[in-house]
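Trainee: Attaching a predicted model along with its sequence, questions to come.
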Amino acid sequence: MLRCGRFGPFLVALPFLAAVLALTGGCGPAPKVKGKVAGSVVYKGKAVTDGEVHFMSKEGTGGSTKIEESGNYSFSTPLEVGPYKVYVAPRPPGQEGPPAPGKVPKAAASVIPQKYRDPGTSDLTYTVTEGDNNYKIELKD
């Protein structure tokens with residue numbers, strides 16, 4: 001007969017405890033699934049060349065990114081998957097920066113229709129999925 005002394009119950013339970021720890025080790029919240037988002041903004045068939053694209057979830061998370069002179073935008077960090085309210089707004093005053101050498105400064109007015117400038121009035125939505133997302137934003141009157 002095998003005698004384990006006072007540590008017997010512990011030695012019997014040790015393999016079970018090791019298996020439980022191996023299966024549950026690092027059990028924190030699962031990493032959030034994210035997707036890269038990029039695309040373009042057009043109005044009346046022409047590229048919108050200045051402004052910002054904003055994605056806002058129901059929880060208030062999301063992000064914003066600058067629209068390039070080409071009309072393209074790209075978020076530098078991936079967004080969590082799920083539905084977003086999307087709005088497009090002119091850049092705040094003072095963020096335009098100086099014009100490039102040889103270029104005329106842009107007028108303060110923006111071609112972005114008023115309804116798209118606010119998350120409360122914009123009817124744009126997009127659902128981010130895992131991986132690469134390309135969303136062409138077409139603004140209408």
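Mentor: Cool, the structure landed.

Trainee: CA only for contacts and neighbour counts going forward, please
Mentor: Will do.

Trainee: which residues in this protein form strands?
Mentor: In the chain, the segments counted as strands under DSSP state E are 34-43, 46-47, 52-56, 62-66, 72-74, 79-80, 82-89, 124-128, 131-139.

Trainee: Could you save those strands as TSV and add columns showing mean pLDDT, distance to Ser110 and mean neighbour count?
Mentor: Below are these laid out as TSV (pLDDT from 0 to 100; distance: least, C-alpha to C-alpha, whole Å; neighbours: other C-alpha atoms under 10 Å):
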stretch	mean pLDDT	distance to Ser110	mean neighbour count
strand 34-43	98	11	19
strand 46-47	96	12	14
strand 52-56	98	11	22
strand 62-66	97	14	17
strand 72-74	98	16	21
strand 79-80	98	27	21
strand 82-89	98	9	21
strand 124-128	98	18	17
strand 131-139	98	13	16
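
Trainee: between those strands, which one is nearest to Arg117?
Mentor: strand 82-89 (4.4 Å; C-alpha to C-alpha).

Trainee: Tell me which strands that closest one pairs with, and in which orientation.
Mentor: According to DSSP bridges, strand 82-89 forms sheet pairs with strand 52-56 (antiparallel), strand 124-128 (antiparallel).

Trainee: got a markdown table for those, with distance to Ala30 too?
Mentor: As requested, these are exported to a markdown table (distance: least, C-alpha to C-alpha, whole Å):
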| stretch | distance to Ala30 |
| --- | --- |
| strand 52-56 | 22 |
| strand 124-128 | 18 |
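
Trainee: Out of the strands of the chain, flag the one nearest Gln114.
Mentor: Closest among the strands of the chain, using C-alpha to C-alpha: strand 82-89, at 8.4 Å.

Trainee: Name whatever forms a beta bridge with Ile131.
Mentor: You called it Ile, but residue 131 is Gly. Where Gly131 sits in a bridge, its partners, by DSSP bridges, are Gly35.

Trainee: Quick check: it vs Ala38, distance?
Mentor: Separation of Gly131 from Ala38 (C-alpha to C-alpha, to the nearest Å): 11 Å.
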